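> I'll drop the sequence and a predicted model, then ask my questions.
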Amino acid sequence: MQVLDQLLDQFNSELKDIHRVPDLLNLKSKYLGKQGPISEVMKGLKDATVEQKKEIGSKANILKNQIETILNTKMEELELKDINEALSKDKIDFSLTDSIRDLGLQAAGFHPVSIIQREIEDIFVSMGFEVLDGPHIEDEFHNFEALNIPDTHPARDMQDTFWFADKKHLLRTHTSTIQVRGMKERKPPFRFVGPGKVFRCERTDASHEMVFHQLEGMMVGENVSVGNLIYFMKTLLTEIFKKEVEVRLRPGFFPFVEPGFELDIKCLICGGKGCSVCKHVGWVELLPCGMVHPNVLKAGGIDPEKYNGFAFGLGLDRLVMMRYGIDDIRHIHGADLRFNSQFKSF
Amino acid sequence: MLISLNWIKDFVEIPELSPKEIGSSFTLTTAEVEEIKITGAGLENVTCVEIKSFKPHPEADKLNLVTFDIGGGETREVVCGAPNVKVGIRVPYAPIGTTLPNGMTLEPKKIRGILSDGMLCSEVELGLGDGKAGLMELNETAKPGVKLLDYLNLGSDTILDVDNKSLTHRPDLWGYYGLAREFAAAHGKPLKNPFTEDWKKKIEAQFNSKASPLKVNVDSDSSCHAYLGLSINNIKVGTSPEFIQNRLLAAGLRPINSIVDISNYVMVELGIPNHIFDRDKISGDTLFIKKAGTDQVFKTLDETDRKLIASDTVITDINQTLVLAGIMGGLSAGVSETTKNIFLEVANWEAPEVRKTSVRLGLRSDSSQRYEKTLDSNLCYRTLLRLIEKIKEANPEAEIIGTPSVFYNEEKKSKELTLTISHAQIVSSLGMEVSVDRVTDIFTRLDFKVKNNSNVYDVTIPTYRTTKDIYCKADLIEEIGRMIGYDNIIPVSPLMGVRPIRLSQTKIFHRKIQDFLVQEAKSLEVMTYPLVGEELLTKSSWSDFSEKMILVNALSTDADRMRPSLIPSVINLAANNSKNYSHFSFFELGRSYPTYENERSQLIFGLYSKEETRFTELLSHIEKLLGHLNISYNFTGKSSKFKSMVVDQEWKGLHPHEYINIQVMGKFAGMCTTINPIILKNFKMKGYLSLAVIDITDIESKEMKDKTKYHPIAKYPSSSFDFTVVASQDVPAGDILSVLNSVKIKELKQKTVKDIFVMNEKEKAVTLRVIFESEIETLSAEFLKNAEGQLIQALDSKGFKLRS
């Protein structure tokens, strides 16, 4: 009995000096092996009384379990230590992520015009508009005549058109050309938008470009109203600017619409109180729009007595510049990766 | 266009609103007011004074101490630096506390030690002129103490500055009377019409039976729509009264002399330009209105030589050209200080002709600006009468000779037009309820005659609005809409049938490409100019270009033609960016323009590295991209037989080795190459630029079927077999692997290149791994042995021996 009482203390004190797995295995066989003290005690019980057997036997079993538990814990501890030591010898330098390495330019991402254009396309698709495009090189019919801009119209002065030598072909000056083709291929009611590049023969500077992007929109049906136009514009702009936008329409002259409007938004900077951005008027001119001119509907093969519609044109580059605070429109086509990489996805 | 509200008030009462409110109302009903100016503001406390004496400032050479009489026997002293200080002259004086039009407030201030009691002013400081140096000198009526505004007869005026472009479609708004009609309609005030029948009769009463000394001959092929003329004798040319001068200044015109000023005054008032000749300077007794007939040089009254062409319409006497019709007069028969006898002309001309000539000459006058809007010939007579009235007013002794000569091209005369529109159509189109009374009222105020037959209106439009502005129902809807105020229309969603809308196939295709190249190929999307210059094409040795694609009115030689390919543009972009980055990846989805009708949609994807070629990386991305787009393709080598859609196979920029054609649907739709250094040299560029170019025009709009199909996962274990063959260094590993394609064993599921080991300078060992798998059984040892044997045999027969 006394042997057993002292045995645990003795085991613990020996365990203290064990630091390696083989030593631990030796210690295990020393205490729990067939020749070990517990086995010896058990063997010695052969001649004991029933009470003694019961008392000492159970005590020996408890002791055995205790030692086993301690040994297992210690074993795990030593194994972990060994593994970690081994792993530590094979260290990698994980501070060396791509972000701190000189791998040249790593940025990847979309062109900012694509980002905004996709956003706007998605808004329109969600409102039931198709997305179309058309050729950049047009003829006079699609760029002017079909849009109610006859040869003698002063509006042809308003747009500085790039012409080809044959004097018949030109670079489209607006995405309104998409309207003409869009109408011809469809039967009312329909709704579509047409984003794309347009060209103006204009001296370039920080806010003027000879190539830029517009998004044309058109809805044709029975009883389409100015109220509907305002509704779509307000919804669109609220989605784009991600806050409630106040709009107002005022008369504006564009040959392809009648009535024609300039759409202003209440200045997002000052909230309409007047600031330098809105030239102290409280409103910022954003886009031209209007009810499609009957002559334009006719040119598109649509009966203006039965159907009407609205159309609008949105300058995409301007929105992009507003969104990101870009100060020079020439960066759009400049392909300077110091510019493009600022709009990286990652 | 500057609109003086004081002048407008001749014809309509303007409600008591702030200038900003009046401007805003005009913006919302008619056209955008860009700026509002208030004249006379800040001048209320400025008075006339007379300089009594002056002496030099003790501390400064250029300054004087000036003493002057401010009226009521009081004097003041100021420090003044003006060069024209003189005893006895009368000048304007602004006392301390005045805020001048330029925003400066005068505060008590010592100038070089001496307190200046206010300031004597120049025209510029008072906002009255454009830069005459020195003090503004006033005449003898400027008694000391008189308010400057009273002296100038200048009440405070509000000037609205309206963008001319927004009035392009409204010829009637190029005169104040027409503008007044807009104010009257917008503010619900009556329009005062002084030009009544009685008025007309009073002036006509002065006509007489005297023979007209000047005949007018109009050629029918000229651009003349109307020509009205009248001779007046015995006028005196002097300076206009301040009232006229101030009005002209307010409208943005410079006063010239009393006769020219009347001509301009009437033009601004009624919107019809006119011309006054010095009749004594006209040779012969006839004015000819005709085409110039020959090219000639004509000196306009701004003393500039203008090159006229044969088809320009001119007005001549028997000797020479006097006026370029509708645009500007010449020097020879213009009114001068000595003019006594005059000839008044009020005419109308074919708008596009005037516009063409004025655009060609780069000469836009007040007159041509109005004529090119298409004016109404019917208004000429009223204008002539008004001109007579104003001249008689200024020259009571003037003598009218005979009656006006009148020519009208009746065919071109604007006619009244009656349009029929229902009330319901107006309401439905605006999306807003409006009463019949309101509609009728608006039409009436705009001078339209309305007949209402059970809410269907017959609206008769006056001739001055039908020259081109109003001709269809939509035009009438606009008139109602703008007068109600579009602002009052409530936004409302339309009621429309529901149908599924999705992005077009082309859009989806483009987005898939963009997504892949950004996310998988980790590249940046860029845009380059579709317009390029000859130099870029030359530097790129790009000869495949049609001269037809050159623009006639390009702004610069670097952007005077449509690009035949995106390749030159992106080599240039890579060259520019290689100065900043040692390694980058980019792509563009753009168009190339080989011919007018055949724009091509091109995808270009480029990888650049300063150190090493990235051609293999490029190919790996392109393989995956084409797979992602569900496009079946083949990679093949250069071909002299087939034409590539993206590059001439002989182009110098192609790499002799790093080149493959991408074959899609039987055509060479694309290629991948590393750009030959011979081209990079022209761009002063070092490093390696690999480009993939694919013409997606014929592919983008086709729906590519997703052919993915599920196969049950194999129930039986697969078996892999690695073996190594020896090949010469220059044989591509891919070629060795593809030898195995000739072995037809359906259980052969996968074959890959496992490893390549360089044995010596000439040879390499290529380890291939193949995997056999059956859906119905575990493959037997004999089967595998036999299959492996076939593979080894196939390679052996092509000269790739098993490595021993």
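Everything's here; your move.

> same question for stretch B:77-97, mean pLDDT?
Here stretch B:77-97 scores 90 as its mean pLDDT.

> buried residues in it?
Neighbour counts over stretch B:77-97 (16 or more other C-beta atoms under 10 Å in any protein chain shown) mark B:77-80, B:82, B:85, B:89-94, B:96 as buried. C-betas here are computed from N, CA, C, even on glycine.

> start to end distance for that stretch?
Stretch B:77-97 has an end-to-end distance of 16 Å (criterion: C-alpha to C-alpha, to the nearest Å).

> in the stretch 201-346 of chain A, which spans are strands?
For the stretch 201-346 of chain A, the strands defined by DSSP state E, counting those that start in this stretch occupy A:211-221, A:247-251, A:257-266, A:283-292, A:308-315.

> strands along the stretch 51-200 of chain A, start to end?
With DSSP E, counting those that start in this stretch as the criterion, the stretch 51-200 of chain A has strands at A:130-131, A:137-139, A:169-171, A:190-199.

> can you say which of the strands of the stretch 201-346 of chain A is nearest to residue B:476?
strand A:257-266 (9.7 Å; C-beta to C-beta).

> re the thing from before, could you dump the buried residues of stretch B:77-97 into TSV with distance to chain A and secondary structure added?
TSV is the format used below for the buried residues of stretch B:77-97 (distance: C-beta to the nearest C-beta, whole Å; DSSP: H, G, I helix; E, B strand; the rest coil):
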residue	distance to chain A	secondary structure
B:77	40	strand
B:78	35	strand
B:79	36	strand
B:80	35	strand
B:82	34	coil
B:85	39	coil
B:89	40	coil
B:90	38	strand
B:91	34	strand
B:92	30	strand
B:93	32	strand
B:94	26	strand
B:96	29	coil
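
> which pair in these spans the largest distance?
B:89 and B:96 (22.1 Å).

> who touches the nearest residue to residue A:20 once chain neighbours are set aside in this structure?
Closest residue to residue A:20 in three dimensions, ignoring its sequence neighbours and counting by C-beta to C-beta, 6 or more residues apart in numbering or on different chains: residue A:78, at 6.9 Å. The contact partners of residue A:78, by C-beta atoms under 8 Å, 6 or more residues apart in numbering or on different chains, come to A:18-21, A:24.

> what does residue B:55 give?
B:64-65.

> now name the helix or strand holding it.
Assigned by DSSP states H and E, residue B:55 belongs to strand B:47-56.

> would you map the helices across the stretch 601-750 of chain B?
Assigned by DSSP state H, counting those that start in this stretch, the helices in the stretch 601-750 of chain B fall at B:615-628, B:677-682, B:697-700, B:733-739.

> confirm residue B:249 sits in a strand?
No. According to DSSP: H, G, I helix; E, B strand; the rest coil, residue B:249 belongs to no strand; its state is helix.

> alpha carbons of stretch A:41-54, as CSV, please.
The C-alpha coordinates for stretch A:41-54 follow below in CSV (Å, rounded to 0.1, in the frame of the first residue of the first chain):
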residue,chain,number,x,y,z
VAL,A,41,1.6,-4.9,-6.6
MET,A,42,-1.2,-6.6,-8.6
LYS,A,43,0.8,-9.7,-8.7
GLY,A,44,1.3,-9.5,-4.9
LEU,A,45,-2.4,-9.5,-4.4
LYS,A,46,-2.7,-13.1,-5.2
ASP,A,47,-2.6,-14.1,-1.6
ALA,A,48,-4.5,-11.1,-0.1
THR,A,49,-8.0,-11.1,1.4
VAL,A,50,-11.0,-10.2,-0.6
GLU,A,51,-11.3,-6.8,1.1
GLN,A,52,-7.6,-6.2,0.5
LYS,A,53,-7.9,-7.2,-3.1
LYS,A,54,-10.8,-4.9,-3.5
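
> out of the helices of the stretch 601-750 of chain B, which gets nearest to chain A?
Closest to chain A of the helices of the stretch 601-750 of chain B is helix B:697-700 (C-beta to the nearest C-beta; 10.9 Å).

> buried sites along that closest one?
Across helix B:697-700, burial judged by 16+ other C-beta under 10 Å covers B:697, B:699-700.

> sorry, back to before: rebuild the helices of the stretch 601-750 of chain B as TSV, extending it with distance to chain A.
TSV is the format used below for those (distance: least, C-beta to the nearest C-beta, whole Å):
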stretch	distance to chain A
helix B:615-628	12
helix B:677-682	17
helix B:697-700	11
helix B:733-739	26
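
> scan the chain for its longest helix.
Answering for chain A, as no chain was given. In chain A, assigned by DSSP state H, the helix with the most residues is helix A:50-89.

> my bad, chain B
Chain B, longest helix under DSSP H: helix B:781-797.

> list the buried ones in it?
Going by neighbour count (16+ other C-beta under 10 Å), the buried part of helix B:781-797 is B:783, B:787, B:791-792, B:795.

> just checking, which helix or strand of the chain averages the lowest pLDDT?
In the absence of a named chain, this looks at chain A. Least confident helix or strand, chain A: helix A:155-158 with a mean of 64, by mean pLDDT, DSSP states H and E.

> other chain: chain B
strand B:109-111 (a mean of 82).

> neighbouring strands - and their directions - for the helix or strand following that one?
On the C-terminal side of strand B:109-111, the closest following helix or strand by DSSP H and E is strand B:114-116. Strand B:114-116 pairs in its sheet with strand B:109-111 (antiparallel), by DSSP bridges.

> kindly present the helices of the stretch 601-750 of chain B as a markdown table, with separate columns for distance to residue A:127.
What follows is the helices of the stretch 601-750 of chain B, written out as a markdown table (distance: least, C-beta to C-beta, whole Å):
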| stretch | distance to residue A:127 |
| --- | --- |
| helix B:615-628 | 29 |
| helix B:677-682 | 48 |
| helix B:697-700 | 25 |
| helix B:733-739 | 50 |
